[in-house]
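Enquirer: Sharing a sequence plus its predicted fold:
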Amino acid sequence: MYSTSLPTHQKTATNRTPREINRSLVLNILRKQQPISRADLARVSGLQRSTISLIIEELIAERLVLEGSTARLPRGRRPTYLQINPQRAILALDIHPEQATLAVSDLCGKIVEQRLINIPSDNRSVAAMVNAVKRTLAEHKDKTFDGIGICLPGRTDPQTDKPIFAPNLHFPIADLSKRFIAATGLRVEIDNVANACVLGEVWFGGTETNHDIVAVNVSEGIGTGILANGQLLRGEHGMAGEFGHVQLMPDGPLCGCGSHGCWEMLASNRAAMRDYAANGGNGISTFPALLGLAQSGDKHAGAALERMATNLGKGLRVIVAALAPKEIVIVGDITSVWHRVGPIIDSTMRKDLLRANTSLRPAYDGNLARLRGAVALVLTAGAVS
């Protein structure tokens, strides 16, 4: 259920059968290069034409793939173009402490609809999300849904579905997967948002040949998803990647984890808003509002944003020293002002490092990165089968 290998033919050890690997390969090529003919599929994939024909006939029978128009050639047999069925879909749920975003996506990661869900901070929280999912399914009866991907700002044990670390959530999330399965009958894939984002980069960010990536999600807190040697790094009980709780300032603000001066207490959205208020800024309720003030010339907002960027760079320096990834991808609202904060983050990250070959960039899909990460959870786990 938690297969996390890259969706390409460049695979090493896997417990999947050759048929499953070939099927995933063909689906991924179709997703990226559709419309495409059987002959071109064979050429791009390196598979025998007979193998391609068997896989395509199976996918057509399952209504995952549709036949479209035929090519006009000067001579010879006219090839028929193939495409992913646009009526097959995935539900993506991105959970924040106070609200969630629910989206409908096709299998290519195109978000066709999204809505916000206000989350009560009590036992009604999960019910509010389940009801929104049921309403969305009812409104899209013309589509066949292949699963629900859920991004969570915390950690659940992948074996027991029990929460093990979610300091920024203030409502119960026990048995989250089971409740959605019981309500919808769909397969549910749930993971930490940073893990989902790094998988989203593999599926939709054009980095499938890069086997060493770290995705850093900057939001209410800070989380990191680590792809090392082509595999998602989980660690004991799924706790790998909690760099947001590395202590950078021993006498710093108290963190929800119980420590002081954690990276996310200095470089998250909440940290910047707290900094702004403490240094002469007027009251604001959202991080996008702070970004807007900084862009309009508010000196206090600009200074808070620059201190946030500096602290982000300090934490990234730890990641580069520890993991030496080929690339670090930043996800979150901060990317909307990358022209302003990117150079600060990058220069701080590279200061005094033994080697600094790691590239740094914002997520290409901006605010959609978390939702596409949720879609990637379903695709990676093989729910489309």
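Expert: Structure's in. What do you need? Treat the numbers as computed from the prediction; the structure is a model and nothing was measured. Residues are numbered from 1 along each chain as shown.
Enquirer: so where do the helices sit in this protein?
Expert: 18-33, 38-45, 49-61, 125-139, 176-184, 193-204, 263-267, 269-278, 287-295, 299-323, 338-350, 369-380 (DSSP state H).
Enquirer: Contacts for the fourth one, please.
Expert: So the one you mean is helix 125-139. Outside of helix 125-139, the residues within contact range by Cβ atoms under 8 Å, 6 or more residues apart in numbering are 91, 93, 95, 100, 102, 104, 113, 115, 117-120, 145, 148, 171-173, 176, 179-180, 183-184. Any C-beta I mention is one placed from the backbone N, CA and C, and that applies to glycine too.
Enquirer: contacting residues around stretch 370-377?
Expert: 90, 92-94, 101, 103, 105, 109, 111, 114, 149-151, 189-191, 193, 195-200, 202-204, 217, 331, 365.
Enquirer: Of those residues, select the buried ones using a PyMOL command.
Expert: This is how PyMOL selects the buried members of the contacts of stretch 370-377, with burial counted by 16 or more other Cβ atoms under 10 Å:
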select buried, resi 90+92+93+94+101+103+105+109+111+149+150+151+189+190+191+193+195+196+197+198+199+200+202+203+204+217+331+365
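Enquirer: what about burial for the contacts of helix 125-139, which qualify?
Expert: Taking 16+ other Cβ under 10 Å as the criterion, what is buried in the contacts of helix 125-139 is 91, 93, 95, 100, 102, 104, 117, 119, 145, 148, 171, 173, 176, 179-180, 183-184.
Enquirer: Tell me how this protein divides into domains.
Expert: By the assignment in automatic domain parsing, the chain contains the domains 18-84, 88-198+370-380, 206-363.
Enquirer: Would you mind putting those domains into CSV with mean pLDDT alongside?
Expert: As requested, these are exported to CSV (pLDDT from 0 to 100):
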stretch, mean pLDDT
domain 18-84, 85
domain 88-198+370-380, 88
domain 206-363, 92
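Enquirer: before we move on, the earlier item: mind putting the helices of the chain into CSV with distance to residue 226?
Expert: CSV is the format used below for the helices of the chain (distance: least, Cβ to Cβ, whole Å):
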stretch, distance to residue 226
helix 18-33, 22
helix 38-45, 28
helix 49-61, 32
helix 125-139, 27
helix 176-184, 23
helix 193-204, 7
helix 263-267, 15
helix 269-278, 22
helix 287-295, 25
helix 299-323, 7
helix 338-350, 16
helix 369-380, 14
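Enquirer: Compare those helices and give me the one nearest residue 244.
Expert: Ranking the helices of the chain by proximity to residue 244 (Cβ to Cβ) places helix 263-267 first, at 3.9 Å.
Enquirer: Which residues does the closest one contact?
Expert: Contacts for helix 263-267 (Cβ under 8 Å, 6+ apart): 218, 221-222, 243-249, 252-255, 271, 308, 311-312, 314-315, 318.
Enquirer: Buried members of the residues you listed into ChimeraX, please.
Expert: Listed next is the ChimeraX selection for buried residues among the contacts of helix 263-267, using 16+ other Cβ under 10 Å:
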select :218,221,222,243,244,245,246,248,252,255,271,308,311,312,314,315
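Enquirer: So for residue 361, which of the helices of the chain sits nearest?
Expert: Proximity to residue 361 (Cβ to Cβ) singles out helix 338-350 among these, at 8.2 Å.
Enquirer: Which secondary structure elements does that closest one sit against?
Expert: helix 299-323, strand 327-331, strand 359-362 (3 or more Cβ pairs under 8 Å, 6 or more residues apart in numbering; DSSP states H and E).
Enquirer: can you pull the buried residues of that helix?
Expert: 338, 340, 341, 342, 344, 345, 346, 348, 349, 350.
Enquirer: So what would you say the end-to-end distance of stretch 235-247 is?
Expert: In stretch 235-247, first residue to last residue: 20 Å (Cα to Cα, to the nearest Å).
Enquirer: same question, stretch 199-214
Expert: OK, stretch 199-214 end separation, Cα to Cα: 10 Å.
Enquirer: from the middle of its chain, how far away would that stretch be?
Expert: 10 Å (Cα atoms, centre = their mean, to the nearest Å).
Enquirer: any residues touching that stretch, and which ones?
Expert: 4, 6-8, 10, 28, 109, 198, 215, 224-230, 232, 319, 323-329, 363-365, 369-370, 372-377, 379-380.
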